[in-house]
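**Student:** Please work out how this folds:
(chains A and B)
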Protein chains: 2
Amino acid sequence: MTETVEIPPRSGTAFLLPAGATLTVIDPCGEQVSDLVAFAQADVREVISNGRTFDYEESMVLTTGNRLWSNRSRPMLEIVHDMVGRHDFLLTPCSEATFRHFYPGKPLHRGCLGNLAEALAPYGIAGDSIPTAFNIFMNVSVDGESGRLRVLPPLSKVNDSIRFRALMDLVIGMTACSAYDSNAGSFKPIQYAVTRD
Amino acid sequence: MTETVEIPPRSGTAFLLPAGATLTVIDPCGEQVSDLVAFAQADVREVISNGRTFDYEESMVLTTGNRLWSNRSRPMLEIVHDMVGRHDFLLTPCSEATFRHFYPGKPLHRGCLGNLAEALAPYGIAGDSIPTAFNIFMNVSVDGESGRLRVLPPLSKVNDSIRFRALMDLVIGMTACSAYDSNAGSFKPIQYAVTRD
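**Tutor:** Numbers count the residues shown, from 1 in each chain, chains lettered A, B, ... in the order given. Modelled structure (predicted):
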């Protein structure tokens, strides 16, 4: 039986995902974002890389059949099922600094970066080592000509999901996003389930 | 007097760039790419970040007036003059692995990643810590709808240049790119000059 775990609003978690296991990420309320980062369990200096992924997948739109690559040019995760088809791999986790910059009138929050740093610390991963995340369900429009980026509400609806297969033993960090723009201004949980073959 | 330094074809270098100094990067033959990475001299765990730059500049097209940001949300470099207007911040430095993947019939080369790793080692910077580079003059087209990325010949002409101002004391790594696609199949040098106010 597969247990579904809930990540409460504006928080984060970390866990081991062995090679071959499946990670399903569910948006239980719709229009919520989860920042995902991955590190090789054997050596956490090997880390998910947007640049290497863009190199090898030759696309910024990553969905079923695409793989997420490490800084050492090895595939870490494969997307095996995707009900949404729109995620972001351009922007970094929100943080105290981004709250100060983008929401100067709002209360400060440590954001996904602070949540990931705390969750990943027991695995020997420092905050400085948290890279640009694969932002599940995050909807960032790109104007190919001007390069302009706009953060739009996620396309995910209630209980939409995406499923990954681990291609190596991984440490995964994941959040229920804390920023206003990424989830249309409402903070919601994220759920996930790990299935071992 | 400002000395112009030449980076020979398919090689790389590293040097200190103090806060306030100006770095001019010149394409002496036209249609060549230079991968640039930057680290805070005071603590090389602070490193240039495409994700943070996209966050704060809200654009993937970075030119005069834009700043390149660190993983700690601090601006590292400002583009103060740009004769070309098209550079890339999506793709990672070419490497032995990318040569194997993209050019299987061609001789192996350690690429910009290997060149940067050797040049940066004396500053205590390991290969794993080399992030997605700011690829000066690299021309990557993005289809905003499909996300498809295509590497096209640079728009830079003979002696075109871009100029940066350092906003903190930096360690800079730079190459004359080794890959076939990024410079239309011909390997050429890159020149640079540092001016202190």
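
**Student:** What residues sit buried inside stretch A:67-83?
**Tutor:** Buried positions in stretch A:67-83, judged by neighbour count with 16 or more other CB atoms under 10 Å in any protein chain shown: A:67-73, A:75-79, A:82-83. Where you see a C-beta, it was placed from the backbone N, CA and C, and this is true even at glycine.

**Student:** Would you mind writing the CA trace of that stretch as PDB?
**Tutor:** What follows is stretch A:67-83, C-alpha atoms only, in PDB (Å, rounded to 0.1, in the frame of the first residue of the first chain):
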ATOM      1  CA  ARG A  67      14.600  13.400 -18.100                       C
ATOM      2  CA  LEU A  68      16.100  15.700 -15.500                       C
ATOM      3  CA  TRP A  69      19.900  15.600 -15.600                       C
ATOM      4  CA  SER A  70      22.600  16.300 -13.000                       C
ATOM      5  CA  ASN A  71      25.600  18.600 -13.200                       C
ATOM      6  CA  ARG A  72      27.700  15.500 -14.000                       C
ATOM      7  CA  SER A  73      25.600  14.800 -17.100                       C
ATOM      8  CA  ARG A  74      23.800  11.800 -15.700                       C
ATOM      9  CA  PRO A  75      20.000  11.500 -15.800                       C
ATOM     10  CA  MET A  76      18.500  11.600 -12.300                       C
ATOM     11  CA  LEU A  77      14.700  11.400 -12.800                       C
ATOM     12  CA  GLU A  78      12.400  10.600 -15.700                       C
ATOM     13  CA  ILE A  79       8.900  12.000 -16.000                       C
ATOM     14  CA  VAL A  80       6.800   9.000 -16.700                       C
ATOM     15  CA  HIS A  81       3.300  10.500 -16.400                       C
ATOM     16  CA  ASP A  82       2.200  14.200 -16.400                       C
ATOM     17  CA  MET A  83      -1.400  15.400 -16.200                       C
END
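
**Student:** Could you confirm whether any residue of that stretch contacts chain B?
**Tutor:** Yes - on the criterion CB under 8 Å from any CB of the partner chain, stretch A:67-83 is in touch with chain B at A:71, A:72, A:73.

**Student:** Other residues contacting that stretch?
**Tutor:** The contact list for stretch A:67-83 (CB atoms under 8 Å, 6 or more residues apart in numbering or on different chains) reads A:22-23, A:38, A:40, A:46-49, A:52-53, A:55-57, A:62-66, A:131, A:134, A:156, A:160-168, A:170, B:92, B:95, B:97-98, B:101, B:128, B:130.

**Student:** mind running it again at 6 Å?
**Tutor:** Defining contact as CB atoms under 6 Å, 6 or more residues apart in numbering or on different chains, one finds that stretch A:67-83 is touched by A:38, A:46-49, A:52-53, A:56, A:63-64, A:66, A:134, A:160-165, A:167, B:97.

**Student:** Going through those, which ones are buried?
**Tutor:** So, by 16+ other CB under 10 Å, the buried ones in these are A:38, A:46-49, A:52-53, A:56, A:63, A:66, A:134, A:160-165, A:167, B:97.

**Student:** still on that earlier bit, filter the buried residues of stretch A:67-83 down to just the ones in strands.
**Tutor:** Counting by DSSP state E, the buried residues of stretch A:67-83 place A:67, A:68, A:69, A:75, A:76, A:77, A:78, A:79, A:82 in strands.

**Student:** out of those residues, who's nearest residue B:122?
**Tutor:** The shortest gap between residue B:122 and any of those belongs to residue A:69, at 28.4 Å (CB to CB).

**Student:** and the closest one, bridged to which residues?
**Tutor:** Beta-bridge pairing for residue A:69 (DSSP bridges): residue A:75.

**Student:** quick one: pLDDT of it?
**Tutor:** Looking at residue A:69, its pLDDT stands at 98.

**Student:** how near is it to residue B:132?
**Tutor:** Per CB to CB, to the nearest Å, residue A:69 is found 12 Å from residue B:132.

**Student:** what's the answer for residue A:93, then?
**Tutor:** Relative to residue B:132, and taking CB to CB, residue A:93 is found at 16 Å.

**Student:** Specify which residue of the two has the higher count of neighbours.
**Tutor:** residue A:93 (30 against 27; other CB atoms under 10 Å in any protein chain shown).

**Student:** Let me know whether the more buried one touches residue A:112 as I believe.
**Tutor:** Yes - using CB atoms under 6 Å, residue A:93 is in contact with residue A:112, at 3.6 Å.

**Student:** Identify the contacts common to the two.
**Tutor:** Common neighbours of residue A:93 and residue A:112 (CB under 6 Å, 6+ apart) are residue A:35.

**Student:** Can you spell out which helices and strands pack onto the lengthiest helix in chain A?
**Tutor:** Scanning chain A for the longest helix, with DSSP state H as the assignment, gives helix A:111-120. Under the contact definition 3 or more CB pairs under 6 Å, 6 or more residues apart in numbering or on different chains; DSSP states H and E, helix A:111-120 sits against strand A:12-17, strand A:170-175.

**Student:** check whether the helix or strand of chain A with the lowest mean pLDDT contacts chain B.
**Tutor:** Between all helices and strands in chain A, the lowest mean by mean pLDDT, DSSP states H and E belongs to helix A:96-102, at a mean of 91. Yes - between helix A:96-102 and chain B, judged by CB under 6 Å from any CB of the partner chain, the touching residues are residue A:97.
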